[in-house]
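Asks: Below: sequence and its predicted model.
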Amino acid sequence: MKLAVIGDPVAHSRSPALHERFLREAAIEGSYAAIRVPAGETAAALGRMRAEGFTGCNVTSPLKEEAFACCEDLLPEAERAEAVNTIYFGKRIIGTNTDGVGAVTALRALVATPLEKGSVAVLGTGPTARAALAQLGAEGIRATLWGRDAQKVAALRARYGAAAWNEGEAEVALSTLPPGAVLPEDVAAWLQRVPIVMDANYGERSTLGTQLGRSVIDGAAMLEAQAKAAFVFWQERIAAK
């Protein structure tokens, strides 16, 4: 298997280490590279990778929507999120999205009671937020939403059936905001009351805890869960050839 992650930046990515471990555990010969691809160059990069014999790739910011537009076939998870984070190069370019299942898997591991009995607050309106909202809805979990763009928030609430961020209390919150994003005072104060907060960013890029002055769980577990789902997707596609 010849694999990679594309995005900008990618030097910080833990995906190569994760997927190299998955390859070893599955006794599969392969490689996994991190390839910097600036915004606007996704189509050209995917064309080169296909010609170079790549099996597939992961897609990170800011390319998930560009990748969505480049795919010839889309799985339902990608269609619901309108974004692609995992690609398989077969006879056609197939795209899926494992961010949602990665988020919900990580969130379930954090709470003592089933997520279906409470609600999850999602912060952000980008591809990762949409994938999380879509998966929460698919699993029957109530979601609330906050974002900086009121029009985008209204559209996503209507699409995914999410409530307003301050409608009731949340058991857990997931921030999909970029590193360094500054929250309004009322939202930051509200997050202080949420028992568990997870930042989709990880490592040095997880800055939400510093801003809030409280414990925030980074997105390492979310990354591993979505990466594992992507690896299984590639294995299944190869087996079906």
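Replies: Ah, there it is.
Asks: show me what contacts the residue nearest to the spatial centre of the chain?
Replies: Compute the mean C-alpha point of the chain, and by Cα atoms, centre = their mean the closest residue is Asp99, 3.1 Å away. Asp99 makes contacts with 81, 83, 85, 127-128, 131-132, 226, as judged by Cβ atoms under 8 Å, 6 or more residues apart in numbering. No exception for glycine: its C-beta is placed from N, CA and C like everyone else's.
Asks: If you rank those by neighbours, which is first?
Replies: Highest neighbour count within those, by other Cβ atoms under 10 Å: Asn85, with 32 neighbours.
Asks: Closest one to Ala189 out of the contacts of Asp99, please.
Replies: Ala132 (22.9 Å; Cβ to Cβ).
Asks: thinking again about what came up before, quick check, pLDDT for the residue nearest to the centre of the chain.
Replies: Here, the pLDDT recorded for Asp99 equals 98.
Asks: Ala112 now?
Replies: 89.
Asks: do Gly209 as well
Replies: We have a pLDDT of 96 for Gly209.
Asks: how about the residue nearest to it when sequence neighbours are not counted, what does it touch?
Replies: Of all residues not flanking Gly209 in the chain, Val216 sits nearest, at 3.5 Å (Cβ to Cβ, 6 or more residues apart in numbering). Going by Cβ under 8 Å, 6+ apart, Val216 touches 175, 197-199, 206, 208-209.
Asks: Dump the residues you listed to TSV, plus neighbour count and secondary structure.
Replies: Output for these, formatted as TSV (neighbours: other Cβ atoms under 10 Å; DSSP: H, G, I helix; E, B strand; the rest coil):
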residue	neighbour count	secondary structure
Ser175	26	strand
Val197	22	strand
Met198	24	strand
Asp199	25	strand
Ser206	19	coil
Leu208	25	helix
Gly209	14	helix
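Asks: Counting residues, which helix of the protein comes out longest?
Replies: Using DSSP state H, we find that the single longest helix of the chain is helix 220-239.
Asks: Just give me how far that helix sits from the chain centre.
Replies: 12 Å (Cα atoms, centre = their mean, to the nearest Å).
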